[in-house]
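S.K.: task: produce atomic coordinates for the following.
(one chain, ligands or ions: 1)
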Amino acid sequence: MKAVVFDEFGGSDVLQLRDLPDPRPGPGEVTLDILASALNHLDVDVREGVSRFPVEPPFVLGVEVVGRISSVGEGVTDWEVGERVMPYLMDTCGHCVYCKTGRESLCLAAGFISFSTSGGYAEKLACSTRHLVRVPDELSDEAAAATQIAFGTAWHMLFTRGRLGPGETLMINSVGSGIGSAAVQLGKLAGAFVIANASSDEKLARASELGMDVGINHQTQDVVAEVMRVTEGHGVEVVFEHVGGELFQKGLDSLAKDGRLVICGGHSGEVVPFDIIPFFRGQKQVIGSFVYNRSEVEKVLDLAARGLIQPLVHTTFPLDQAREAMEMMERREHFGKIVLKP
Ligand SMILES: [Zn+2]
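M.R.: The predicted structure is shown next:
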């Protein structure tokens with residue numbers, strides 16, 4: 001099979017298209033013919049060697065895959081050749097206290113697709129059937145590949161961790177991102193009033209088309225002052241935060257009393273000052289969130305199949321242009337997912 005491999009950490013120039021042996025399914029595994037594979041910023045961190053995941057080159061990137069089962073290994077009875085599936089991101093143990101209660105994102109011994117298997121920047125992939133989720137017929141390969149991480153992460157943050165309810169006010173930091181635009185759609189679907197910020201008016205215009213109620217340009221406007229003006233001094237019940245740095249504190253300062261800030265990332269500043277006094281006097285909460293559970297993937301796929309949310313695909317590239325695809329993502333020119341098609 002053809003695969004995009006890197007032998008050393010670095011910039012996009014370390015990527016090489018190469019022939020690798022076809023994967024074979026071990027016991028309890030299937031092989032997939034990959035139909036579409038979405039890019040994620042995690043891929044850049046892994047390629048550069050700064051992901052804090054245990055990665056040993058040579059390595060094939062790609063954690064968000066849609067494929068068709070091309071062969072099944074020994075002992076596989078519930079899955080057939082020809083079924084269209086996506087691997088759930090995590091390779092869970094299946095028997096810890098969290099797996100047993102449907103909270104796989106907390107699994108004590110979790111692996112990740114591409115770290116514990118080969119990756120999605122390839123023509124084929126072998127993985128355990130524990131990963132597999134069926135893809136509804138209504139969704140194209142590209143749309144399905146653009147659904148899992150953006151909407152699964154946003155669902156987990158908003159509802160499971162943040163407990164967002166109808167009629168509450170939500171603020172989304174950096175709405176131009178994949179999870180930000182997913183959060184707009186899910187927030188509106190749940191009946192929230194959605195405020196969001198971004199670094200440009202163009203990104204805010206796109207978010208408006210998805211249903212955002214109020215946009216704030218965080219480069220030219222005072223985020224906290226605008227939130228307080230729009231909410232008449234009340235603040236927001238939930239902040240959707242994945243940026244870190246200054247936007248983390250601005251999120252905290254935008255919260256209403258008893259408000260919840262849910263955070264799943266901190267690229268713009270992973271260690272931040274934290275003003276304790278207004279935090280406890282306002283009885284606020286900071287809630288960590290990491291990936292999502294399998295049942296949440298199934299929910300967002302169902303919503304997409306019914307047309308209630310729109311997976312956003314910016315563009316597709318053939319596998320042999322993976323370098324160009326990654327460079328486009330790193331320039332942050334896209335709105336929606338960039339997808340590789342083998
Ligand atoms: Zn587990």
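
S.K.: switch to C-alpha atoms for all contacts and neighbour counts from now on
M.R.: Will do.

S.K.: residues from the stretch 1-150 of the chain in reach of the ion?
M.R.: Within the stretch 1-150 of the chain, the positions near the ion by Cα under 5 Å from the ion are 93, 94, 96, 99, 107.

S.K.: now with 6 Å?
M.R.: 92, 93, 94, 95, 96, 98, 99, 107, 108, 109 (Cα under 6 Å from the ion).

S.K.: nearest to the ion: which residue in the stretch 151-300 of the chain?
M.R.: residue 293 (11.3 Å; Cα to the ion).

S.K.: looks like that residue contacts residue 102 (just checking).
M.R.: Yes. In this structure, residue 293 is within contact of residue 102 by Cα atoms under 8 Å, at 7.0 Å.

S.K.: shared neighbours of those two, anything?
M.R.: Common neighbours of residue 293 and residue 102, using Cα atoms under 8 Å, 6 or more residues apart in numbering, do not exist here.

S.K.: which one's more surrounded, the two?
M.R.: A direct count of neighbours by other Cα atoms under 10 Å for residue 293 and residue 102 places residue 293 higher, at 23 against 15.

S.K.: how about the contacts made by the more buried one?
M.R.: 102, 103, 104, 105, 152, 156.

S.K.: repeat that for 7 Å
M.R.: With contacts defined as Cα atoms under 7 Å, 6 or more residues apart in numbering, the neighbours of residue 293 are 103, 104, 105.

S.K.: so which of the residues you listed is the most crowded?
M.R.: Using other Cα under 10 Å as the neighbour criterion, residue 104 leads the contacts of residue 293 with 25 neighbours.

S.K.: distance check, the residue lying closest to that residue once chain neighbours are set aside against residue 92.
M.R.: Leaving aside its chain neighbours, residue 104 sits nearest to residue 293 (5.3 Å; criterion: Cα to Cα, 6 or more residues apart in numbering). To residue 92, residue 293 is 10 Å away according to Cα to Cα, to the nearest Å.

S.K.: overlap of the contact sets of these two?
M.R.: Common neighbours of residue 293 and residue 92 are listed as residue 104 (criterion: Cα under 7 Å, 6+ apart).

S.K.: which pLDDT value belongs to the residue nearest to the spatial centre of the chain?
M.R.: Taking Cα atoms, centre = their mean as the criterion, residue 149 is the residue nearest the geometric centre of the chain, at 3.0 Å. In the predicted model, residue 149 carries a pLDDT score of 97.

S.K.: ramachandran angles for it?
M.R.: Torsion angles at residue 149 (phi, psi; degrees, to the nearest 10) stand at phi -70, psi -40.
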